[in-house]
Structure formats: C-alpha cells, structure tokens
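Novice: coordinates for the following, if possible.
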Amino acid sequence: MSEPDIAIIGAGPAGLIAAERLAQAGRRVALYERMPSPARKFLLAGRGGLNLTHSEALDGFLDRYGEARHWLEPAIRAFPPQALRDWADGLGAESFVGSSGRVFPKAMKASPLLRAWLTRLDGLGVSLHSGRLWTGWDESGALRFENRDGTVETLRPGAKLLALGGASWPRLGSDGGWQAMLAAKGVAIAPLRPANAGFSVDWSALMRERFAGQPLKRIALSFAGRHAMGEAMIDADGIEGGAIYALSGPLREAIARDGHAELAVDLRPDLDAAALAARLERRRAGETLSNHLRKAAGLSPVAIAVLREATEGPLPTEPAALARLIKAASLRLTGMAPIARAISTAGGILADEFDAGFMLKRVPGVFVAGEMLDWEAPTGGFLLQACFATGVAAAEGIERLLASPSFRGGPEARARNP
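Specialist: Numbering: from 1, shown residues only. Sure, this is the predicted structure:
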C-alpha cells in the first residue's frame, strides 16, 4: 500500500464525507472498506426512500439525541440539516421536505446520490480500497489489513479515522468487530444494543394469522412519560415501525430491567375520550360491536384486533369504558428484536474517550465518527445527520492535527524526523 496522509477505515456516510472534506483540503486520502463495494447499508436504507435529515427546528432536533446531545450538539450545529441538504443539492440530489417533516432527495433512492458522490471523490484523488478487513495494529503500530485473497498488508498513515459503524445489519459490513481491538487499547465502550427495532408481543394465533403485515395508522404511543405519534406495523412476532422506534430506548431498558414493558396505544389520538364516548353511545340495535367500532369510532379491523388483544375478556360495551380502552390499549412487550435485525445501534465508544476533534485520547492520531460512538436517535433523518456531522467534525479535527507545527506522525514528518 502507498502511504497516504490519512487512512479512513469504513466507507459509509461518515467515512465518505470525511474523505471528501480532507481531499478538498488538499490531503492524500485513502478509504479502506471490508465489503466489495462502499456504503452498502446506506444503499439499503435508501431503497424505500432515502431519509437524509429532518426539517424540525434545531433545538427540538437536538433533543432527539437524548443524553448525547451535549457532545453531539457542536458537530450538528457546525453541519446542520440545511448544510446536509445543500451538500446533497450540490451532487444533483435536490431535496424536499415531506409531509412528515422528513427530508428526502427527489429521486428518493440512495443510488444516484452515491454514484455522484463516488465520482466526486474519485475526481478529488481519493483512493478506494475494497475487500480490506482491518484487523488492528501490528507490533510496530502499523495498521494491519487482511485482503480477500488472504494476504496481509500494513500501513502507517499520518492520521487514521475509524468509521466502522455499529453492529446492526452485519451482513452489510458493520458487525462491531472493532470493539475488541479498541478495548485492548484501553478505550471504554458501552455495550452495543439494538435500537430502532421491533418488539415481541405474545399475540393470539388469530392475531398472528390474520393481521401480521398490517399497519396501525395515525396512532399515539406512550411509555414512561414519553410519547410518539405515527404508524406501527403488526408482525407475527410483535410490533415495529416509526412510532415504536421513537420509544425504543426506554422500552429496551425497561425490558432489560423488568422483563417486560407495558406500552399504551391510543388508537384515536385526534379525539378525546369524551368525544369518543359520545360517538359510541349511538349504537344501532343488532349491530355487532366490530361494526359499531368501525363506523362510530373509525377503527380499522387491525385496530379492533389490538383492542381485543389488550383485554383478557370481552370488550366493554359501556361507551365511556370502551372509549378509555381505545385511548389507552395496553400491550405487553416482552423482548426486542436482535441487533442483527435492528435499524441502528445504541452504545459504542464513550464520549469521555475522545476530544472535541473526535480523536481518541488513548490512541493519539486515531479519530472516530458515526455509529461507533455512544449515541442513539429515532429514525426520521436523525441517524444520517449525526453520521454526516461527526464525519465532518472528525475531518476538521484531523486537519487541525496535520496542520499543527508539532505534529510528527505523517509521512513527510517521518521523513524529516526519522
């Protein structure tokens, strides 16, 4: 391998945007990716519509990162949602704001944007080395890579950026294998856990057979004082979807602590209980309860099925009691989908382990970005935004290091100071 100024390991959004920024600054950048091609998770995430970011006001946007807000905030304010939109527009992927406030490229898919991005990187002189599995450091401190043909190569760049992702969707390359290598260097890492994943519900056989794959639309969920609105999807094992993902962190922790979590589902958040009860009072003689709920309360068959799952016996017929149930049907969640089926990962490198420029304190010259870090956020554009913003921030940290008069780690410095 040639000796670049910077080696970036991991060719996902964080690694690619860092490579772009550093190459634009005139640095020689090499990207190393274990998979045969770059950004596979990015491509898969964009198949149903690439959700780049969100149009929510920035203070509310930042609150989506919970306890990680305090250290993520400088990076996101320096590269906010509008900056990400401007960047995408510059690649010909003009963006728009959907009715939910989410931001998408007009083409919706990730592949046109990625093709334009890789073309730009190639024009900037960034070299991409696929099929390179990083296995840590050799005895001399050089980066060690295993190639697909079994050969081993080493590299001693001036600075290194690790952008290896978490452990969700491991078949696309992010399997969390970096944890042991960094832990051996003394880097503290919060255990990787599934985030934005479905939860198990012990459905009846009828629920599994008749309603798996059907959506619950325009619902509101509540748990432990937190609320989320949106949609969810029933599956044979339980429930998933955007509204569920927004509460996945506290639900996951409650299940880990107590063995279960009681989730309240409001099937008509647009009506208060009194208005709903008034509608339910007008039941025709001989009308089945299911038809009455469908006509008077506007409930879909799957929503009615959820009501039945939430009660141990027959549904109440008294309007006020029925309205209360519709407004707070309780579902017992007993487990979470495994990390391999999760959209993203919680846990990672603790914030105390890296400085304001995202350089590891225990491994000088090594920077980190993206989903390797200890943060989580719901779907809706918040995941990609943090990956891009930390990639940009790490690139700026690397540039400051390389430009420092005291820096002795790069190839040119080694030539001057053997």
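Novice: from here on, just use CA atoms for contacts and neighbour counts.
Specialist: Noted.
Novice: could you count how many residues lie near residue 295?
Specialist: Residues contacting residue 295 under the criterion other Cα atoms under 10 Å number 14.
Novice: report how many residues lie close to residue 205.
Specialist: Other residues near residue 205 come to 10 when the count uses other Cα under 10 Å.
Novice: do the same with residue 5
Specialist: The local packing of residue 5 (other Cα under 10 Å) involves 22 other residues.
Novice: again with residue 100
Specialist: Burial of residue 100 is recorded as 11 neighbouring residues (other Cα under 10 Å).
Novice: also the one 4 residues further on?
Specialist: Counted with other Cα under 10 Å, the neighbours of residue 104 add up to 25.
Novice: return the set of residues that bridge with it.
Specialist: The bridge-partner assignment for residue 104, based on DSSP bridges, gives residue 96.
Novice: surely it meets residue 52?
Specialist: Yes: assessed by Cα atoms under 8 Å, residue 104 is found in contact with residue 52 at 5.7 Å.
Novice: all helices for the stretch 151-300 of the chain, in order.
Specialist: Listed in chain order, the helices of the stretch 151-300 of the chain (DSSP state H, counting those that start in this stretch) span residues 178-183, 205-211, 242-245, 248-258, 273-280, 289-296.
Novice: tell me which of these is the most buried.
Specialist: Per residue and on average, the most neighbours among the helices of the stretch 151-300 of the chain fall to helix 242-245, with a mean of 24 (mean count of other Cα atoms under 10 Å).
Novice: which element is residue 14 on?
Specialist: Under the criterion of DSSP states H and E, residue 14 resides in helix 13-24.
Novice: average pLDDT for that helix?
Specialist: If you average the pLDDT over helix 13-24, you get 98.
Novice: repeat for stretch 38-56
Specialist: 91.
Novice: what segments of the stretch 201-350 of the chain are strands?
Specialist: With DSSP state E, counting those that start in this stretch as the criterion, the stretch 201-350 of the chain has strands at 215-223, 226-235, 238-240, 261-266, 329-336, 344-349.
Novice: which residues touch residue 84?
Specialist: Taking Cα atoms under 8 Å, 6 or more residues apart in numbering as the contact definition, residue 84 lies against 52, 53, 385, 388.
Novice: run a quick neighbour tally on the residue found closest to residue 183 once you drop the neighbours it is linked to in the chain.
Specialist: Computed as Cα to Cα, 6 or more residues apart in numbering, the closest residue to residue 183 that is not its neighbour in sequence is residue 189, at 7.2 Å. Burial measure for residue 189: 19 neighbouring residues, criterion other Cα under 10 Å.
Novice: I'd say residue 189 and residue 351 touch.
Specialist: No: because the distance of 9.3 Å does not satisfy Cα under 8 Å, residue 189 is recorded as not touching residue 351.
Novice: overlap in contacts, those two.
Specialist: residue 374.
Novice: residue 115 - how many residues pack around it?
Specialist: Here the neighbour count serves as a burial measure; for residue 115 (other Cα under 10 Å) it reads 11.
Novice: pop out the phi and psi values for it.
Specialist: Geometry field for residue 115 lists phi and psi as phi -60, psi -50, criterion degrees, to the nearest 10.
Novice: could you do residue 356 as well?
Specialist: Residue 356 has phi and psi values of phi -60, psi -20 when expressed as degrees, to the nearest 10.
Novice: tell me which element the nearest residue to it once chain neighbours are set aside is part of?
Specialist: For residue 356, the nearest residue in space outside its immediate sequence neighbours is residue 397; the separation is 7.8 Å by Cα to Cα, 6+ apart. Secondary structure assignment for residue 397, by DSSP H and E: helix 382-403.
Novice: can you pull the contacts of the closest residue in space to residue 261 that isn't next to it in sequence?
Specialist: The shortest distance from residue 261 to any non-neighbouring residue, by Cα to Cα, 6+ apart, is to residue 333 (5.1 Å). The neighbourhood of residue 333, defined by Cα under 8 Å, 6+ apart, consists of 199, 200, 201, 202, 238, 255, 260, 261, 262, 263.
Novice: ok, what's across the strand from residue 333?
Specialist: According to DSSP bridges, the residues that bridge with residue 333 are residue 201, residue 261.
Novice: from here on, call the first residue 54.
Specialist: With 54 as the first residue, the last one maps to residue 386.
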